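Chemist: Next comes the sequence, and after it the predicted model I'd like to discuss.
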Amino acid sequence: MKNNNEKLYDIFLNYSYNDLMDLFRKAKCKEEQDFYAMLSNLVLQREAEKVIGK
């Protein structure tokens with residue numbers, strides 16, 4: 001792994017739900033689709049928590 005100051009988590013935070021769904025549609029295999037689906041669910045959960053006020 002490259003010695004990079006930017007962490008995967010920080011990169012993830014910059015993706016919107018629409019960005020992730022676009023990546024999902026362009027995925028080359030089921031495993032890649034599953035990966036983007038899980039990330040998009042995390043984004044939805046994070047947004048729901050903001051709305052609910054947790």
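Modeler: Noted; the coordinates are in hand.
Chemist: Now do the same for the residue nearest to residue 27 when sequence neighbours are not counted: its pLDDT.
Modeler: Leaving aside its chain neighbours, residue 27 sits nearest to residue 33 (4.3 Å; criterion: Cβ to Cβ, 6 or more residues apart in numbering). Yep, even glycine has a C-beta here, placed from its N, CA and C like the rest. Residue 33 carries a pLDDT value of 98.
Chemist: helices or strands up against the helix or strand harbouring residue 33?
Modeler: Residue 33 is part of helix 30-52 when elements are defined by DSSP states H and E. For helix 30-52, the packing partners by 3 or more Cβ pairs under 8 Å, 6 or more residues apart in numbering; DSSP states H and E come out as helix 17-26.
Chemist: redo that, cut-off 10 Å
Modeler: If you count contacts as 3 or more Cβ pairs under 10 Å, 6 or more residues apart in numbering; DSSP states H and E, helix 30-52 packs onto helix 8-13, helix 17-26.
Chemist: Out of those helices, flag the one nearest residue 44.
Modeler: With Cβ to Cβ, the closest approach to residue 44 among the helices and strands packed on helix 30-52 belongs to helix 17-26: 6.4 Å.
Chemist: Could you export the closest one as CSV, keeping only the C-alpha atoms?
Modeler: Only the C-alpha atoms of helix 17-26 are listed here, as CSV (Å, rounded to 0.1, in the frame of the first residue of the first chain):
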residue,chain,number,x,y,z
TYR,A,17,-25.0,8.2,-2.8
ASN,A,18,-25.4,9.0,-6.5
ASP,A,19,-21.6,8.6,-7.1
LEU,A,20,-21.7,5.2,-5.5
MET,A,21,-24.7,4.1,-7.5
ASP,A,22,-23.0,5.2,-10.7
LEU,A,23,-20.0,3.0,-9.7
PHE,A,24,-22.4,0.2,-8.9
ARG,A,25,-23.9,0.4,-12.4
LYS,A,26,-20.5,0.3,-14.0
